[in-house]
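[1] could you work out the structure for the sequence below:
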Amino acid sequence: MLFAEALKIMKGGRGVKLPSWGGYWWWDEESQTILMYTKDGGCMDIRETQKVEYTIQNILSDEWIVADGQNCPILGGEATFSFGEAIKYLKRGMKVARKGWNGKKQYIQLASGISYKTADEQIVNCEHDAIGNMAVAFVGTSGVQMGWLASQADMLAEDWIFAE
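    Numbering: from 1, shown residues only. The predicted structure is shown next:
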């Protein structure tokens, strides 16, 4: 939902969040402001934000949802997100995984500085005009698979989570 609807929901007494968040935002009637309950248990008045651009980008999102005990970690749930969000987090250096993957220690991350050894023992540094020297690496129980390709199920899934 758009933020305008999320604000109405907050003013109606419920918290809202973006899908990947561990915390939520809440309207405080007494101070007439939004309180941001953070994933680590803190609480901050939105007027005190130090990352104004980030906060505005969040407000402009169209992915707002009602925060509840199923989708919000500080309320006892688990934050999940789409593949599109997973890609954004990869680009920020985070590790992500599908909640439904069998191996609990499996995840993907963005690898850089990629090189390989040719048959005649030459080391080749990979460079690509469009993506530079990066690829998605799948880290699993058997090792690392460079250049992992997402399945249709992975791309359409909404159960992506942050990996440890």
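
[2] show me how the protein divides into domains.
    If you go by automatic domain parsing, the domain ranges for the chain are 3-75, 83-162.

[3] what about the residue lying closest to G93 once chain neighbours are set aside, which helix or strand?
    Excluding the flanking residues, the one nearest G93 by Cβ to Cβ, 6 or more residues apart in numbering is L110, at 7.0 Å. Backbone N, C-alpha and C define where each C-beta goes, glycine included. L110 belongs to strand 107-112 when assigned by DSSP states H and E.

[4] convert the C-alpha atoms of that strand to CSV, please.
    The C-alpha coordinates for strand 107-112 follow below in CSV (Å, rounded to 0.1, in the frame of the first residue of the first chain):
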residue,chain,number,x,y,z
TYR,A,107,22.5,-18.4,1.3
ILE,A,108,23.4,-16.1,-1.6
GLN,A,109,25.7,-13.1,-1.6
LEU,A,110,27.2,-10.8,-4.1
ALA,A,111,30.8,-11.8,-5.0
SER,A,112,33.4,-9.4,-6.5
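
[5] would you map the strands across this protein?
    Taking DSSP state E as the test, the strands found in the chain are 16-17, 24-28, 33-37, 43-45, 65-66, 96-98, 107-112, 115-117, 123-125, 134-140, 143-146, 160-162.

[6] which residues sit against the fourth one?
    Okay, so that is strand 43-45. 28, 31, 33-38 (Cβ atoms under 8 Å, 6 or more residues apart in numbering).

[7] swap in 6 Å and give it another go.
    Residues from elsewhere that reach strand 43-45 (Cβ atoms under 6 Å, 6 or more residues apart in numbering): 33, 35-37.

[8] of those residues, select the buried ones using a PyMOL command.
    Of the contacts of strand 43-45, the buried ones can be selected in PyMOL as follows, counting by 16 or more other Cβ atoms under 10 Å:
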select buried, resi 35+36+37
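
[9] quick one: the contacts of strand 43-45 as a markdown table, columns for distance to E53 and pLDDT too.
    Below are the contacts of strand 43-45 laid out as a markdown table (distance: Cβ to Cβ, whole Å; pLDDT from 0 to 100):
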| residue | distance to E53 | pLDDT |
| --- | --- | --- |
| T33 | 19 | 97 |
| L35 | 20 | 98 |
| M36 | 15 | 97 |
| Y37 | 21 | 97 |
